[in-house]
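*Asks:* Quick one: sequence and predicted model below, then my questions.
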Amino acid sequence: MQNGDALHIAGLSYGYKGMAQPVIQQLDLTVKQGSRFGLFGPNGAGKTTLMNLMTGLLPYKQGSIQLFGKEVRGNSAFVKNTIGFVPQDFSFYEELTPAENLEFFGAWYGLNGRQIREATANLLKIMGLSNVAAKPLKEFSGGMKRRINLAIGVMNNPRVLFLDEPTVGVDVQSRNAIIHFLKEINSNGTTLIYTSHQLKEAEDLCTEVALIDGGTVISQGSLTVLKEKHGQDGLEGLFLQLTGRAYRD
């Protein structure tokens with residue numbers, strides 16, 4: 001791992017019990033600090049499994065995953081304090097209010113009372129939810145739930161933020177607001193590692209990309225350089241050229 005790397009993966013393999021083939025196979029990947037990094041591939045390519053391995057949600061035995069030079073395996077406290085994770089599935093308590101959810105997760109991250117109060121007020125304002133801070137989340141629209149899901153993921157001001165389909169099912173206004181917020185926190189030093197099927201959105205957000213298929217990286221680098229190399233003017237064309245046009249299960 002070199003100085004300036006936020007994430008370094010080497011020789012990573014992972015399989016689920018009962019499956020003939022590993023989902024992740026001898027995968028190597030490097031993400032530089034400060035990147036807006038996109039991870040893309042067809043259905044079944046291993047993206048979600050890889051995201052869960054990188055964030056420590058799945059244990060691995062083969063290979064290495066390092067965050068800022070520290071192995072993810074065996075360093076759960078460091079990982080918890082270093083990363084944020086915005087999963088595709090909502091990860092909050094719908095019977096609680098936005099403020100109550102942020103207070104709960106702030107305490108889980110180990111923030112003190114003042115830090116929790118300040119972060120909660122700030123994030124509710126940024127996400128446009130201050131006026132509904134006392135309403136239970138079960139009354140919220142999908143876009144509002146996506147915004148609180150994101151707010152929870154950045155409650156601890158993470159050095160690396162993992163994002164799995166952070167704008168799925170939201171309207172144009174919410175999507176634009178979320179992408180603007182992600183670019184802003186990236187400009188302040190947070191490394192973004194993002195995956196989505198929204199390729200036009202991804203092209204707007206990401207400067208570096210990796211395409212994976214069959215559980216391994218098939219191409220990685222600057223999005224601009226990769227498009228030029230393969231004679232494509234967009235991420236969608238690059239994606240189809242490298243992963244094929246056939247249906248995937």
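*Replies:* Received it, and whenever you're ready, just let me know what you need.
*Asks:* For the chain, which segments count as strands?
*Replies:* Using DSSP state E, the strands of the chain run over 5-14, 24-32, 36-40, 62-67, 70-71, 83-86, 160-164, 191-195, 208-213, 216-222.
*Asks:* tell me which residues in the fourth one are buried?
*Replies:* Okay, so that is strand 62-67. 63, 65-67 (16 or more other C-beta atoms under 10 Å). Heads up, the C-betas are built off the backbone N, CA and C, glycines and all.
*Asks:* now the protein, which segments are flagged as low pLDDT?
*Replies:* When residues are selected by pLDDT under 70, those of the chain lie in 1-3, 239, 244-249.
*Asks:* before we move on, back to that, as a markdown table, the strands of the chain with distance to residue 46 would be great.
*Replies:* Shown next, in a markdown table, are the strands of the chain (distance: least, C-beta to C-beta, whole Å):
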| stretch | distance to residue 46 |
| --- | --- |
| strand 5-14 | 8 |
| strand 24-32 | 5 |
| strand 36-40 | 10 |
| strand 62-67 | 13 |
| strand 70-71 | 20 |
| strand 83-86 | 17 |
| strand 160-164 | 13 |
| strand 191-195 | 11 |
| strand 208-213 | 6 |
| strand 216-222 | 8 |
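*Asks:* closest one to residue 142 among the ones you listed?
*Replies:* Closest approach to residue 142 among those is made by strand 83-86 (14.5 Å; C-beta to C-beta).
*Asks:* In the closest one, which residues are buried?
*Replies:* Neighbour counts using 16+ other C-beta under 10 Å place 83-86 of strand 83-86 among the buried residues.
*Asks:* For residue 97, state which of the residues you listed is nearest.
*Replies:* Using C-beta to C-beta, the buried residues of strand 83-86 come closest to residue 97 at residue 86, 19.3 Å.
*Asks:* So what sits opposite that closest one in the bridge?
*Replies:* Counting by DSSP bridges, residue 86 is bridged to residue 163.
*Asks:* Contacts only, for it.
*Replies:* 149-150, 152-153, 161-164, 166 (C-beta atoms under 8 Å, 6 or more residues apart in numbering).
*Asks:* In the residues you listed, which residue is surrounded by the most others?
*Replies:* Ranked by neighbour count under the definition other C-beta atoms under 10 Å, the contacts of residue 86 are headed by residue 166 with 28 neighbours.
*Asks:* okay, now the nearest residue to residue 21 once chain neighbours are set aside: neighbour count?
*Replies:* Nearest residue to residue 21 in three dimensions, chain neighbours excluded: residue 15, at 7.0 Å (C-beta to C-beta, 6 or more residues apart in numbering). For residue 15, the neighbour count with other C-beta under 10 Å is 15.
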